[in-house]
Structure formats: C-alpha cells, structure tokens
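# Structure for the following, please:
(one chain, ligands or ions: 2)
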Amino acid sequence: MLRCVATPRVAPQPAPEYATCGGRLTQRDLMTLVCRACGAAYLVVREVPSVIPSSSALAYDLDVEGVQSSYAYQFAPWLIPGPVERWASVVRPRVKSHDPDPGQMSGMEGVSPSSQGHRNGLDEALDTLFSTTGLAEEFYQRITSICSQVLHPGGAALDVGCGLGRMTLEMARCGAGVAIGVDVSLRLTHEAARLARARAPVDVGLTLATGKSIAAKLALGGPIDCDFVTANAQWLPFESESFDLVLALNLVDRVPDPMQAVKEAARVLKRGGHVLVSDPYDWQERHTPRDRWVDDLSELVDREALQVVGEWDGLPMVLRRSARQMMIHLNHSVLYRKR
Ligand SMILES: C[S@@+](CC[C@H](N)C(=O)[O-])C[C@H]1O[C@@H](n2cnc3c(N)ncnc32)[C@H](O)[C@@H]1O
Ligand SMILES: [Zn+2]
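Ligands and ions are numbered 1, 2, ... in the order given. Below you'll find the predicted structure:
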C-alpha cells in the first residue's frame, strides 16, 4: 500500500521539510493513483508508480549513458554480447599500437617494448575487465548471502536506490514474499521493471568510450516477481513498519540528506527487521552538501532505534564509469536490527 508524499496542507505551516500528507493512495484508473486525504495524483506508467514529492520531482535522473553503464556492473554475468569483435570493442582499448620501429628507438635504450605489443595490451585490458566485473559480482554475492541469512521466507524486502534492480531481483530469488525496488530515476525504475518482467532476453545498449552504444542482450531468466516504484529515498511512500529487510547500497553518498535517507529506511522497517547500509563514502558536492559528509555510518544512525548486528569493512565495490574507467571502492557495510 503506497502513501502520499505531498506536503501536508494542515498546520503547522510552513510544514517541516520532510513532512508528508501520508494519506493512502488508491487506484483511480489504470494510470493514476490518488490520495484519499488530499487528492494529490500520481502517475503509473507501465505498472511503475511515480510517487515523488512535487518539490523534488525531476530533480535527478540519469542519462541513457548512465543507465547503459549500469548493465555492465550490475548484470555482467547475464550479458550476451553481440558479435565477439563488437563486444570486445566495448571492453578493449582500441589503441592502434604496434611495436616501435627499432630504427626510431635511438635514445630509448633500456625501454624494452613488449614482444607482443598490442596483443598484450588487449589481453591485459580483458583481464582487468573480467577481474573488476568479478569484483562487482563478489559485492552482490556477498550482499545476497547476508540478505539470505536475515530474510525469512515470504518476508517483505525493500531496495532503496535500487538502480537497475540487481539486489531487488536477488531478494525475490532469496524467497521474499514482496520485493520492491525504489529509485528516484524514472529511467532506471522503468528499465529495471522491463528487465525483471522479460520472458526472453531483452535488448540493451552498452556504451563505448566514444559515447556511442552497441547492441547486446541481457537474459535474466525471468520473469522475476518484484515491483519497482519511482520515489525519493528521503520521502519513502510506504507505511511505517512495513518491511522485514531494507537495503541502502551505495545510496547515502548520492543523496542531499544522507541522515534523512537512513531515517526513512529505519521508519519503514518492522521492529526486529534488518537494514543493511553499504557505502564507499564517495562524497561529491553535486550530490551532498559538504557539511553532511561523514566517514562512518554510525554518524547517520539513531543508535537508540538501530542496533549493529554485523559490520564488514573493505568490501570491494566496482563501478564501471566508461569503457576505460573502472572505479574500485572499498565499502563500509553495516547490518542493523531495529529494536
Ligand atoms: C551508485 S547507484 C547504486 C545502485 C545499487 N543500489 C547498487 O548498489 O548497485 C546509486 C543509485 O541511487 C539512486 N538515487 C540517487 N539519489 C536518490 C534518491 N534521492 N532517492 C532514491 N534513489 C536515489 C540513483 O539513481 C542510483 O540508481
Ligand atoms: Zn495526500
């Protein structure tokens, strides 16, 4: 059951920054949800509701390239490349290097060109790609294993800042009765829903270094029973105490108010439920004002409400920035239980 995130019209006015109407949303027609309390309307497009406060609507979305680069790290094992040469061009640097002409090497004694030149470069690049996507996999598999230990069969799970929904899908596969992914990006929630519902491999684009994209297919073996909602982590459109497990992975350093995002995750969690927060503290002023940057999740958490039950430091997390740029983060991950 979704709830209204419109600013309340009743006193006190002006309403506090994160106050919401909280009224229940009911379906008016195929494409509209309406708040019973204040009448606010929210669009549902292709079964993905968009429940965003009007003040924060469209404040953030990814471009197509951003979405495309997510396939390669969130779903690397399920990508089916096109013709091999074209696939290789996504992952291999396209340097037209060759062994230097010995005649031009005067003055460069001591610099020994590799005997295979270009080929070695390509092989190295491929090794890098597969070891880094391997690390991306390791991250999701470690997180999945933590989830499977705390999520009881049929439990309700929420993935806040889900991106393309890799962990939303994993929670559904772990036996969650309800698995919902939330992201503020319309493009991502719609693409996540398309991937999860597909009965056959879906066409995706992968970004080349030039910004052009090439075709590939992604086969998740679905459909997978999960839902996606476009919403802002700082105003979650859910009743308090609705979920048994909430994930906030690589999210807190992407929101304007990290403490509010963690507070919302804790609010929608049932008593005795778990919230897993994992973050690389990759702070950037374009996402979060500097005075809200922290170097320990404990600074964001109300320890009266949440008790630490597990902590992992240094879990590698890889983001593929572009064809030639992989970023390896060492995440700090904490599992909390709501008292
Ligand atoms: C680095 S990605 C992490 C994706 C996924 N959780 C993972 O670990 O693979 C951060 C995600 O947070 C989303 N995001 C950023 N600000 C948000 C907000 N205020 N509310 C909800 N999602 C947000 C972005 O759209 C993006 O998908
Ligand atoms: Zn309302």
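# Make sure Val275 is actually in contact with Ala266.
Yes: assessed by CB atoms under 8 Å, Val275 is found in contact with Ala266 at 6.2 Å. From N, CA and C alone the C-beta is placed, and that goes for glycine too.
# since we're on Val318, how many residues are nearby?
21 (other CB atoms under 10 Å).
# please renumber so the chain begins at 36
Taking 36 as the first residue, the last one we looked at is Val353.
# Angles on the backbone of the residue lying closest to it once chain neighbours are set aside, please.
Once flanking residues are discounted, Val353 sits nearest to Ala171: 4.2 Å by CB to CB, 6 or more residues apart in numbering. Ala171 adopts backbone torsions of phi -60, psi -40, taken as degrees, to the nearest 10.
# Count the neighbours of Ala171 for me.
Neighbour count of Ala171, defined by other CB under 10 Å: 23.
# and what of Leu223?
23.
# same deal with Glu52?
So Glu52, with other CB under 10 Å, has 11 neighbours.
# Show the backbone phi and psi for it.
phi -50, psi -40.
# Tell me, what's the model's pLDDT at it?
Looking at Glu52, its pLDDT reads 89.
# Quick check: neighbours shared by Val310 and Ala301?
Residues touching both Val310 and Ala301 (CB atoms under 8 Å, 6 or more residues apart in numbering) are Val281, Leu341, Tyr371, Lys373.
# Now Gly257. Nearest residue, chain neighbours left out?
Using CB to CB, 6+ apart, the closest residue to Gly257 is Ala233 (5.3 Å).
# From what I see, the one you found and Leu255 are in contact.
Yes: assessed by CB under 8 Å, Ala233 is found in contact with Leu255 at 6.7 Å.
# interface residues of this structure facing ligand 2?
For the chain, the contact set with ligand 2 under CB under 5 Å from the ion comprises Cys39, Ala41, Cys56, Gly58, Cys70, Ala72, Cys73, Ala75.
# Count the neighbours of Ser313 for me.
Quick note: Ser313 (other CB under 10 Å) scores 24 neighbours.
# typo on my end, Pro315
Residues near Pro315, counting by other CB under 10 Å, number 19.
# Now it: phi and psi?
phi -90, psi 0.
# Please give me every residue in contact with it.
Residues in contact with Pro315 (CB under 8 Å, 6+ apart) are Asn285, Asp288, Met352, His364, Leu365, Asn366, His367.
# Give me the nearest residue to it, chain neighbours excluded.
Closest residue in space to Pro315, ignoring its immediate chain neighbours: His364 at 3.3 Å, by CB to CB, 6+ apart.
# Using neighbour counts, pick out the buried residues of the helix or strand harbouring the one you found.
Using DSSP states H and E, His364 maps to strand 360-373. Residues Met361, His364, Asn366, His367, Ser368, Val369, Leu370, Tyr371, Arg372, Lys373 are the ones in strand 360-373 that count as buried (16 or more other CB atoms under 10 Å).
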